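A.B. asks: got a predicted structure here, sequence first:
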Amino acid sequence: MSQHAPPAKARVELLVRAMLDRLREAAWCIAPPLLRVALALPFLRSGRTRWDGFLSLSPATLYLFENQFKVHLPGAVFDFPAPDTVALFVAVAEIALPVLLLLGLATRLTALALLVMTGVIQLVFPEGWANFHLYWASLAVGIIAIGPGALSLDRLIDRRSYRRSPP
């Protein structure tokens with residue numbers, strides 16, 4: 001064995017470290033779009049059920065917001081104020097926000113808006129925390145923390161703005 005060759009244990013450690021570095025680099029590329037898709041899908045699926053044709057809320061959506069959906073606060077349950085307006089706002093948000101998230105456009109703000117929506121949904125369906133809301137909130141916070149990732153319109157816009165800025 002040559003005097004300059006690292007011992008076998010050191011070579012294995014270097015190889016493992018290099019493999020872990022490559023794994024981390026791949027995850028940094030893949031994780032953001034996966035998180036965005038995972039958060040967008042349940043909202044987009046729900047949003048698609050809210051409409052009955054182009055720009056026409058379904059009767060079922062209006063019925064739910066007028067009669068079924070209630071806000072549960074400690075010690076009291078309340079009807080939605082202006083339920084038809086809230087239904088329209090929710091229906092638009094459940095389509096627009098997931099689309100923005102999938103494109104990676106205004107990603108952190110979109111994730112924040114979906115986190116707020118998740119909080120409101122939690123007030124309407126308190127029993128959904130462990131089954132759905134915790135996961136949605138976790139995905140939103142993760143997206144806010146790590147950002148849109150390389151495969152996003154935010155990154156494309158960010159790169160263009162750096163090219164145009166003075167040195």
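C.D. replies: Here it is on my side, so go on.

A.B. asks: could I get the contacting residues of the closest residue in space to G47 that isn't next to it in sequence?
C.D. replies: Among residues not flanking G47 along the chain, E94 sits closest, at 2.9 Å (C-beta to C-beta, 6 or more residues apart in numbering). (Each C-beta comes from the backbone N, C-alpha and C, glycine too.) Applying C-beta atoms under 8 Å, 6 or more residues apart in numbering to E94 gives the contacts 43-44, 46-47, 50, 117.

A.B. asks: how far out from the middle of the chain is stretch 44-53?
C.D. replies: Distance, stretch centre to chain centre, for stretch 44-53: 18 Å (C-alpha atoms, centre = their mean, to the nearest Å).

A.B. asks: format the contacts of E94 as TSV; extra columns: neighbour count, secondary structure and distance to L153.
C.D. replies: Shown next, in TSV, are the contacts of E94 (neighbours: other C-beta atoms under 10 Å; DSSP: H, G, I helix; E, B strand; the rest coil; distance: C-beta to C-beta, whole Å):
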residue	neighbour count	secondary structure	distance to L153
F43	23	helix	18
L44	18	helix	17
S46	16	helix	24
G47	21	helix	20
R50	21	coil	25
M117	18	helix	21
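
A.B. asks: how distant is the strand or helix carrying R17 from the center of its chain?
C.D. replies: Using DSSP states H and E, R17 sits in helix 8-49. The chain centre lies 15 Å from the centre of helix 8-49; the measure is C-alpha atoms, centre = their mean.

A.B. asks: for the record, mean pLDDT for that helix?
C.D. replies: Helix 8-49 shows an average pLDDT of 94 in the prediction.

A.B. asks: surely L62 meets A87?
C.D. replies: Yes - contact status for L62 versus A87: in contact at 5.7 Å, counting by C-beta atoms under 8 Å.

A.B. asks: and those two? Which one has more around it.
C.D. replies: Using other C-beta atoms under 10 Å, the more surrounded residue of L62 and A87 is A87, with 21 against 17.

A.B. asks: picking up where we left off before, so which other helices or strands are in contact with the helix holding R17?
C.D. replies: helix 83-103, helix 107-124, helix 134-146 (3 or more C-beta pairs under 8 Å, 6 or more residues apart in numbering; DSSP states H and E).

A.B. asks: which other residues reach the shortest one?
C.D. replies: Residues lying outside helix 134-146 but in contact with it, judged by C-beta under 8 Å, 6+ apart, are 28, 31-32, 35-36, 38-39, 42, 101, 107-108, 111-112, 114-115, 118-119.
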